[in-house]
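Student: Just to be clear, the model below is a prediction. Sequence and coordinates:
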Amino acid sequence: MSIKPVVNSTSLAGASSGVGGGGARTGKGATVSTNPSDGDNVQLSPLASQMQAIEAGMANSPVVDAAHVAAIRQAIAEGLFKVNPDVVADHLLATARELLQSRNG
């Protein structure tokens with residue numbers, strides 16, 4: 001699902017939060033109408049539009065560096081890839097600490 005920015009924002013310009021206003025504030029610059037007769041119009045803030053552009057750019061970039069994976073695969077096949085268990089353990093513990101800290105706030 002993608003949400004496109006509203007080009008004509010006049011349908012939401014008069015909406016405000018509060019009793020009888022017909023709208024609800026959703027965050028910086030974005031107002032969503034709660035009046036069913038207004039339809040499904042949403043006005044995105046400039047930050048939301050910028051985030052959409054960043055997301056679109058990231059969608060076109062590969063998640064994995066295929067050349068690096070191929071080099072590691074070849075090193076493993078040739079028996080040249082060495083695992084340093086101390087480094088692996090340190091990184092595993094660091095990841096566990098981060099997860100615990102993010103859980104606890």
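Tutor: Received, thanks.
Student: Distance of Asn84 relative to Arg97?
Tutor: Using C-beta to C-beta, to the nearest Å, Asn84 is found at 20 Å from Arg97. Every residue, glycine included, has its C-beta placed from N, CA and C.
Student: That should have said Met51, apologies.
Tutor: Going from Met51 to Arg97 by C-beta to C-beta gives 29 Å.
Student: how about the helices in the protein?
Tutor: Listed in chain order, the helices of the chain (DSSP state H) span 10-13, 46-59, 66-77, 85-104.
Student: okay if I get those as TSV plus mean neighbour count?
Tutor: Formatted as TSV, these follow (neighbours: other C-beta atoms under 10 Å):
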stretch	mean neighbour count
helix 10-13	13
helix 46-59	11
helix 66-77	10
helix 85-104	9
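Student: out of these, which comes closest to Gly39?
Tutor: With C-beta to C-beta as the measure, helix 10-13 is the member of the helices of the chain nearest Gly39 (7.9 Å).
Student: any idea of the mean pLDDT in that closest one?
Tutor: The average pLDDT within helix 10-13 is 43.
Student: Repeat that for stretch 96-105.
Tutor: In this model, stretch 96-105 carries a mean pLDDT of 90.
Student: Kindly report the same for stretch 45-55.
Tutor: 90.
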